[in-house]
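Participant: the following block contains a protein sequence and its predicted model.
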Amino acid sequence: MSQTQIETLLKHRKYRQAIEEIKKLQRSQPDVKLSIDESIVWTYRGRDELFNDDPKAAENSFRQALKLGCLDHGYYGVAKALLLQNRLDVALDLIRDAFDRQKLPKDNAICYLKLLLIKGDRDTVETLVSKQPKRFSAAQLHWVRGVLALQSDDAKTALTSFQKIKKPLTLGDSPDALIAYTYQQQENWEKAAKKLGPCGTTTENPKACRSASPTTRETSLCHGTMAAAGDGETL
């Protein structure tokens, strides 16, 4: 089977068959270079399982990806799957250990900060940001400073930080939702509504928020906003 045929299997979500064919191809052609390896297939499978509300299966898939060396999607995927199973402490232990051993990719370092905030460990977050800022990207630092400012009822400082974030930091994040929520904390409903767009969706990510109403919990739980600041549980 050719690589194109393997890609077709992935397109049709036939993950187990794709893995078997990759192994066959590697056995018959040991020197073959594939753009899609087994770890990537496990990642695709894990994402599908998360989408289908099967976090336990997704955890297994992402752990397989992690075992095969897919660190970026592996660590994030396992942590998200664990969190969806209400296993926050296990997720935090996993990410903390990877961070301490410098195995956690920098792009995923935001997961460590989010898990700590969900746990309510603001002190550790502040220590990490002040003592090891180079372990995080500029956008991640803007995010965490904004969230900490919101927790301290300093919406003005939070807004300044969030406006510096130009793209989502993790799957499902929405910089516009962060800004909209902050405007709501300032009771600036007009600017919040403009950021959320028609029917309460953000202009950059229509699925990020379900309601623009300042009274609904959904607005405050847009991915990456107060959910990761201890008012919910999401990565």
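Facilitator: Arrived safely, thanks for sending.
Participant: so residue 196 touches residue 181, yeah?
Facilitator: No. Assessed by Cβ atoms under 8 Å, residue 196 is found out of contact with residue 181, at 9.3 Å. (Each C-beta comes from the backbone N, C-alpha and C, glycine too.)
Participant: so where's this protein uncertain?
Facilitator: Residue ranges of the chain with pLDDT under 70: 1, 198-234.
Participant: now the farthest one out in this protein, which residue is it?
Facilitator: Of all residues in the chain, residue 28 has its C-alpha farthest from the mean position, at 37.4 Å, by Cα atoms, centre = their mean.
Participant: gap between it and residue 2?
Facilitator: Applying Cβ to Cβ, to the nearest Å, one obtains 12 Å for the distance of residue 28 from residue 2.
Participant: now stretch 98-113, how far from the centre of its chain.
Facilitator: Averaging C-alpha positions (Cα atoms, centre = their mean, to the nearest Å) puts stretch 98-113 12 Å from its chain's average.
Participant: next: stretch 26-35.
Facilitator: Centroid separation between stretch 26-35 and its chain, computed with Cα atoms, centre = their mean, is 32 Å.
Participant: got the CA positions of it in PDB?
Facilitator: Output in PDB follows, covering the C-alpha atoms of stretch 26-35 (Å, rounded to 0.1, in the frame of the first residue of the first chain):
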ATOM      1  CA  GLN A  26       7.900  -0.200   7.200                       C
ATOM      2  CA  ARG A  27       8.600  -3.900   7.400                       C
ATOM      3  CA  SER A  28       8.700  -4.300   3.600                       C
ATOM      4  CA  GLN A  29      10.500  -1.100   3.000                       C
ATOM      5  CA  PRO A  30      12.700  -0.300   6.100                       C
ATOM      6  CA  ASP A  31      14.200   2.800   4.500                       C
ATOM      7  CA  VAL A  32      10.900   4.300   3.400                       C
ATOM      8  CA  LYS A  33      10.200   7.900   4.700                       C
ATOM      9  CA  LEU A  34       6.600   8.600   5.500                       C
ATOM     10  CA  SER A  35       5.200  12.000   6.100                       C
END
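Participant: and the contacts of that stretch?
Facilitator: Outside stretch 26-35, the residues within contact range by Cβ atoms under 8 Å, 6 or more residues apart in numbering are 3, 6, 22, 25.
Participant: in helices, which of the residues you listed fall?
Facilitator: For those, membership in helices holds for 3, 6, 22, 25, with DSSP state H as the criterion.
Participant: can you tell me the closest non-neighbouring residue to the third one?
Facilitator: Residue nearest to residue 22 in three dimensions, not counting chain neighbours: residue 38, with 5.3 Å by Cβ to Cβ, 6 or more residues apart in numbering.
Participant: for the one you found, what are its contacts?
Facilitator: 19, 22, 23, 68 are the contacts of residue 38 under Cβ under 8 Å, 6+ apart.
Participant: so which of those is the most crowded?
Facilitator: The member of the contacts of residue 38 surrounded by the most neighbours (other Cβ atoms under 10 Å) is residue 22, with 21 neighbours in all.
Participant: my guess is that residue meets residue 7, correct?
Facilitator: No. Counting by Cβ under 8 Å, residue 7 is not a contact partner of residue 22; they are 10.9 Å apart.
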